[in-house]
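**Student:** Any chance you can model this:
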Amino acid sequence: MSSNIFNLKNLLTISCIAFFSSFNTSFNAQDNNDFINDFIERLENSRSYLILVAETMPEDKYNFKASPESLSFADNLMHIGFAIDWHSQSLLGGRDARDWKTDTIYKSNNKSKKEMIATIDKTFDDAILLITSFDTTKLNDRLDYFGLNRTKRQICLLLADHITHHRGQMLVYLRLNNLVPPRYVLFQ
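**Tutor:** Modelled structure (predicted):
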């Protein structure tokens, strides 16, 4: 009789664990979907604001640098595009990374302001498309990020930080050229 009670207790314990684990999986899946939706909203807002910043700088000032060793306004803009492509398509999507030294898509050389803005806009489109269909169960997958072990969720956050970092430099460049930056867009 005591072995039946023991088996019944084990069965009850295993059933409870399975039951609550299914809730945890459902909650994690929902949290992951919420994260992706929030991140896409952030990218959309970031795109809108970055394009406003890019449109505010006159084309004849796109080669402006704050110092000789700094990136130009145009180079900051295209560097943002390269980083969006690398973080999304290569780190999240698994495509081979572009080589910065040989890449021509994200080099500012011989590109008009209009072409650079169109490139950035398309890059955001491509990243958002990939992230929209991203398998959220892979958000906790880990990979090497400059020698650091990071999750794909962290890669998303690092991408957002990187965009903000270089856009911030571009905002300073506007001020250094006596231009008023566009009003800040929230939730990016």
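**Student:** where does the most centrally placed residue in the chain fall, phi/psi-wise?
**Tutor:** By Cα atoms, centre = their mean, the chain has its centre lying nearest to L159, at 3.7 Å. The phi/psi pair for L159 (degrees, to the nearest 10) reads phi -60, psi -50.
**Student:** dump the residue contacts of it.
**Tutor:** For L159, the contact set (Cβ atoms under 8 Å, 6 or more residues apart in numbering) comprises 83-84, 87-88. For glycine as for every other residue, the C-beta is placed from the backbone atoms N, C-alpha and C.
**Student:** for D121, same thing?
**Tutor:** By Cβ under 8 Å, 6+ apart, the contact set of D121 is 47, 51.
**Student:** Can you tell me the SS state at it?
**Tutor:** Of the three states, D121 takes helix according to DSSP: H, G, I helix; E, B strand; the rest coil.
**Student:** Share the number of residues neighbouring the closest residue to D103 other than its chain neighbours, please.
**Tutor:** Spatially, and ignoring its direct neighbours in sequence, D103 is nearest to F82 (6.9 Å; Cβ to Cβ, 6 or more residues apart in numbering). Look at F82: counted by other Cβ atoms under 10 Å, it has 19 neighbours.
**Student:** Tell me the spacing between F82 and N37.
**Tutor:** Distance of F82 to N37, computed by Cβ to Cβ, to the nearest Å: 26 Å.
**Student:** next one: L157
**Tutor:** Applying Cβ to Cβ, the value for L157 to N37 is 15 Å.
**Student:** any weak-confidence spans in this structure?
**Tutor:** 1-29, 187-188 (pLDDT under 70).
**Student:** got the residue ranges for the helices in it?
**Tutor:** Ranges of helices within the chain are 2-56, 73-85, 113-132, 152-176, based on DSSP state H.
**Student:** From R167, how far off is A83?
**Tutor:** For A83, the distance to R167 equals 11 Å [Cβ to Cβ].
**Student:** This completes my enquiry, with thanks.
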